[in-house]
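K.L.:
sequence plus predicted model, see below.
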Amino acid sequence: MYQKSKAKGKRWSIAFVSFCTVFGLIGCSGNSENAPAKAGAEFNKEGLPIVSEPVTLDVLTVRWGNMGDTFKNNTWLQELEKETNVKINWQVMSYNDWGEQKSIMLASGTLPDIIFGDIVFSDSDIVNNLSYFLPLDDLIDQYMPNLKAAMEETPEMRKLSTFPDGKIYSLPARLPSRPKSTMQPVINKAWLDQLGLEVPDNIDELYEVFKAFKEKDPNQNGKADEIPFSGSVDISMDFLSPFGITDLNNNSMMLKNGDPVFYPASNEYKEAIKWVHKLYSEGLIDQELFTQDSTMSTAKQQNPDVALIGFSNQWIPDAVFGKWKDQYATIPSIAGPDGNRYQTGDPVGLSLRRNELLITKSGKHPEVAARWADQFYTNEASIQNFWGAIGTVIEKKDDGTYALMSPPEGTSADAWYWEQSVRDFGPKYVSPSFEKNIVLDETTGDGLKLVIDKLGSEYVTDPFPNVMYSAEEFQELPTLTTDIDSYVKTTRAQWITKGNVDEEWDAYIKQLNTMGLKRLVEIRTEAYKRYTSVE
């Protein structure tokens, strides 16, 4: 398939040998351990063990940075090997090195039995190499009762996992105890109290608060150094949400009355940009909004002398403002010009993932792989693969609740969870009804976010979903989005800093259409129709 000349064939051979050396893949060498189960080994369609004699599966996963393979010490994973008779040869790669090795793997066509985790292959990697992966619909139907039950309870999991040809090639996940809302408004409550102001409820009140923050020295250092709002309008649209603009997947798409809309060409967007320009022109928002990097932004948030920031949109404030974190409070979503509140997020929760497990055609035991994967789709299995094992990280109490233990001294909770589990990666499903049994610390991390979520969850809009594109669409999309996205960002910065959006709007829309906006919306609308048509 890839050899168009002897020279090219030789290059691929060298790459293939390099790939096998790096990964130590059993399948590359033809080692008998990767052969089918020995004659007489019995595959059990139900119950455990899955096979009567041990079978080894090669499972490739990718981890962030230098996290390594400490997750293999998770006692649930260890017990799973004993109970199923399925031995796992984990092949763990660092994301730092994965890009080059991924290209070699896809070029060679030699893959392990199972791909584990959604950062291994992207949608386009899979769609453009579908011949390497097994369609899983029949395997799910015959051998995966836990996943089938999960998809019946949460139909979005099936929608998310269905490819353009109507088949499922990758398995989904539903993570536990995730919020519905993303970034929530955060305000310096100490400044409000100092000035005798109430928490702003709408954009008019927010404007007046910003004026007071700028003019009345709420940090009491005798300097006009207060920044009423700081953040990044260029990256996140959260500051524009009072105007009905929400963008969960950062692709400039939202749903309006159930229809896909490219919102940078909408009237709501134009009015929002006019409002932000007014704030900018009066010095009420950070004048370095479009030029600062994360280092500059953090320096302002954690200024050592006094707090400098009055308002921003954050996941949780305690991780952002350093020594000043106690001055900040999360507040309800701000009402817009129409009196309504709009919050970026997902009404079914920010918990759904796809591409968490793929079974390749290189494997000899697809039924075994399917049954092994199905063991991850129970509530107890899932929480142990998200935080850590019961008895190590999780305490199972007599009343049926599950509480997270405190991490070892000198280690953060999040780092501990990544050390003890596969965390975000891999198949899992926690039922919404089960989540009431999970007890989290409401003062920090995941628990604090769930408390904050109550302030905005009822205003969360239906997002333009994480749709799947065909190989042809993936080929066409970059030719459209590269120019269109760049043009939108450039004009947004100009209009916020210099104004003239009304005068230049018609020419802007004309230029977007010249760049292919109609075709871009057609592609995304077609993908959305496929997504919503899945039963």
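P.N.:
Here it is on my side, so go on.
K.L.:
so what does the longest helix along the chain touch, helix or strand wise?
P.N.:
The longest helix of the chain (DSSP state H) is helix 471-498. Packing partners of helix 471-498 (3 or more Cβ pairs under 8 Å, 6 or more residues apart in numbering; DSSP states H and E): helix 123-127, helix 267-281, helix 501-514, helix 517-533. For every residue, glycine as well, the C-beta is placed using N, CA and C.
K.L.:
would you turn those into CSV with mean neighbour count, distance to E473 and mean pLDDT?
P.N.:
Compiled in CSV, the helices and strands packed on helix 471-498 are given as follows (neighbours: other Cβ atoms under 10 Å; distance: least, Cβ to Cβ, whole Å; pLDDT from 0 to 100):
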stretch, mean neighbour count, distance to E473, mean pLDDT
helix 123-127, 19, 9, 97
helix 267-281, 19, 25, 97
helix 501-514, 14, 19, 98
helix 517-533, 16, 5, 98
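K.L.:
right, and these - which one's nearest E153?
P.N.:
Among these, the nearest to E153 by Cβ to Cβ is helix 517-533 (18.9 Å).
K.L.:
could you dump that closest one to PDB, C-alpha only?
P.N.:
Provided in PDB are the C-alpha atoms of helix 517-533 (Å, rounded to 0.1, in the frame of the first residue of the first chain):
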ATOM      1  CA  LEU A 517     -18.200  30.100   5.300                       C
ATOM      2  CA  LYS A 518     -21.300  28.600   3.700                       C
ATOM      3  CA  ARG A 519     -19.500  25.400   2.900                       C
ATOM      4  CA  LEU A 520     -18.000  25.300   6.400                       C
ATOM      5  CA  VAL A 521     -21.500  25.500   8.000                       C
ATOM      6  CA  GLU A 522     -22.800  22.900   5.500                       C
ATOM      7  CA  ILE A 523     -20.100  20.400   6.600                       C
ATOM      8  CA  ARG A 524     -20.800  21.000  10.300                       C
ATOM      9  CA  THR A 525     -24.500  20.900   9.800                       C
ATOM     10  CA  GLU A 526     -24.300  17.600   8.000                       C
ATOM     11  CA  ALA A 527     -22.200  16.100  10.800                       C
ATOM     12  CA  TYR A 528     -24.700  17.400  13.300                       C
ATOM     13  CA  LYS A 529     -27.600  15.700  11.500                       C
ATOM     14  CA  ARG A 530     -25.700  12.400  11.500                       C
ATOM     15  CA  TYR A 531     -25.000  12.800  15.200                       C
ATOM     16  CA  THR A 532     -28.700  13.600  16.100                       C
ATOM     17  CA  SER A 533     -30.000  10.800  13.900                       C
END
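K.L.:
in stretch 51-61, what's buried?
P.N.:
Buried residues in stretch 51-61, counted by 16 or more other Cβ atoms under 10 Å: V51, V55, T56, L57, D58, V59, L60, T61.
K.L.:
repeat for stretch 290-309
P.N.:
Buried, per 16+ other Cβ under 10 Å, within stretch 290-309: F290, Q292, S297, K300, Q301, Q302, N303, A307, L308, I309.
K.L.:
before we move on, the earlier item: looking at the buried residues of stretch 51-61, spot the one nearest Q194.
P.N.:
Nearest to Q194 among these: T61, at 50.7 Å, using Cβ to Cβ.
K.L.:
pairing partners for that closest one in the sheet, please.
P.N.:
Going by DSSP bridges, T61 is paired in beta bridges with V92, F116.
K.L.:
contact partners for it?
P.N.:
Listed by Cβ atoms under 8 Å, 6 or more residues apart in numbering, the contact set of T61 reads W90, Q91, V92, M93, I115, F116, G117, V120, V422, F425, G426.
K.L.:
please pick the buried ones from these.
P.N.:
For these, burial is judged from neighbour counts taken by 16+ other Cβ under 10 Å, and it is met by Q91, V92, M93, I115, F116, G117, V120, V422, F425, G426.
K.L.:
list just the nearest of these to P179.
P.N.:
Out of these, the member with the shortest distance to P179 (by Cβ to Cβ) is F425, at 19.8 Å.
K.L.:
which ones among the buried residues of stretch 290-309 lie within strands?
P.N.:
Among the buried residues of stretch 290-309, the members falling in strands (DSSP state E) are I309.
K.L.:
which ones among the buried residues of stretch 290-309 map onto helices?
P.N.:
Going by DSSP H, the helices hold S297, K300, Q301 from the buried residues of stretch 290-309.
K.L.:
need the pLDDT of the first one.
P.N.:
The confidence metric pLDDT takes the value 91 at S297.
K.L.:
residues near the nearest residue to it once chain neighbours are set aside, how many?
P.N.:
Once flanking residues are discounted, S297 sits nearest to S230: 6.8 Å by Cβ to Cβ, 6 or more residues apart in numbering. Other residues lying near S230 total 20 when counted by other Cβ atoms under 10 Å.
K.L.:
from A307, how far off is S230?
P.N.:
Distance of S230 to A307, computed by Cβ to Cβ, to the nearest Å: 11 Å.
K.L.:
same thing with P347?
P.N.:
Distance, P347 to A307, by Cβ to Cβ: 34 Å.
K.L.:
any idea how far the nearest residue to E288 once chain neighbours are set aside lies from Q184?
P.N.:
Distance criterion Cβ to Cβ, 6+ apart; nearest residue to E288, sequence neighbours excluded, is M296 at 6.8 Å. Taking Cβ to Cβ as the measure, M296 falls 23 Å from Q184.
K.L.:
on that earlier part again, so which of the helices and strands packed on helix 471-498 is nearest D453?
P.N.:
D453 lies closest to helix 267-281 among these, at 23.9 Å (Cβ to Cβ).
K.L.:
packing partners of that closest one?
P.N.:
With contacts taken as 3+ Cβ pairs under 8 Å, 6+ apart, helix 267-281 sits against helix 203-215, helix 471-498, helix 501-514.
K.L.:
redo that, cut-off 10 Å
P.N.:
Counting contacts by 3 or more Cβ pairs under 10 Å, 6 or more residues apart in numbering; DSSP states H and E, helix 267-281 is packed against helix 203-215, strand 227-229, strand 253-256, strand 259-262, helix 471-498, helix 501-514.
K.L.:
what touches both of S230 and A307?
P.N.:
Shared contacts of S230 and A307 (Cβ atoms under 10 Å, 6 or more residues apart in numbering): K300, Q301.
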